[in-house]
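S.K.: any chance you can model this:
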Amino acid sequence: MAAESKKRQALERLKAEVDKKNIELAFVDPMGYRSAGGIFSSGINADDTWTSKLADDQANEVKTEVNHLADVFTSLIGLINDAIRNAPETDDENDSSGSPGTSVDRIHSYT
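M.R.: Residues are numbered from 1 along each chain as shown. The predicted structure follows:
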C-alpha cells in the first residue's frame with residue numbers, strides 16, 4: 001500500500017497555517033460580520049480619536065487598502081486548495097501516469 005503523498009500533507013499543513021493566520025490578522029471574520037478594512041479603519045474617525053472630513057477620507061483609504069491586502073491573503077487559500085486537488089493522493093513510486101511534473105520537479109531532476 002502506498003503512503004499518503006508528502007506533497008499533499010505539506011499543502012494541507014500550509015492551508016491550516018494560512019487559515020489560522022488569516023483569522024489572527026482579522027483578514028477573515030469567522031462570523032462574517034465585518035471586513036478587515038472595516039475593523040482596522042473604525043478607530044480613525046471615532047469620536048474619541050479624530051473626526052473631520054480628512055479623517056473620513058483616511059478611514060476610507062485604510063479600509064480600501066486593508067481590504068485589498070486581505071483579498072490577496074485570502075485568495076491564497078484558493079490557490080492552495082487547487083494545489084491540494086491536483087496533488088497525488090499517494091507517493092506511489094510505480095506511478096506511470098507520464099505526467100511531466102511541476103517546474104520544481106523538473107529542476108530537481110537536473111541537480
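S.K.: apart from its chain neighbours, what residue comes closest to Glu89?
M.R.: Spatial nearest neighbour of Glu89, chain neighbours left out: Ser5 (5.8 Å); criterion: Cβ to Cβ, 6 or more residues apart in numbering. Using the backbone N, CA and C atoms, a C-beta is placed for each residue, glycine as well.
S.K.: give me phi/psi at that neighbour?
M.R.: Dihedral pair for Ser5: phi -60, psi 130, per degrees, to the nearest 10.
S.K.: please apply the same query to Thr90.
M.R.: Main-chain dihedrals, Thr90, degrees, to the nearest 10: phi -130, psi 160.
S.K.: is it true that it touches Ser5?
M.R.: Yes - the pair Thr90 / Ser5 is scored as a contact, 5.6 Å apart, by Cβ atoms under 8 Å.
S.K.: okay, the two: which has more neighbours?
M.R.: Set Thr90 next to Ser5 and count neighbours by other Cβ atoms under 10 Å: Ser5 wins out with 17 against 13.
S.K.: what sits against the more buried one?
M.R.: Residues in contact with Ser5 (Cβ atoms under 8 Å, 6 or more residues apart in numbering) are 87-91.
S.K.: quick check: which element contains the residue positioned nearest the centre of the chain?
M.R.: Relative to the mean C-alpha position of the chain, the nearest C-alpha, by Cα atoms, centre = their mean, is the one of Leu76, at 3.3 Å. Using DSSP states H and E, Leu76 sits within helix 53-86.
S.K.: which other helices and strands does that helix contact?
M.R.: helix 6-24, helix 36-41 (3 or more Cβ pairs under 8 Å, 6 or more residues apart in numbering; DSSP states H and E).
S.K.: just name the most buried of those.
M.R.: helix 36-41 (a mean of 20; mean count of other Cβ atoms under 10 Å).
S.K.: list the contacts of it.
M.R.: Residues from elsewhere that reach helix 36-41, judged by Cβ under 8 Å, 6+ apart: 25-29, 59-60, 62-67, 69-70.
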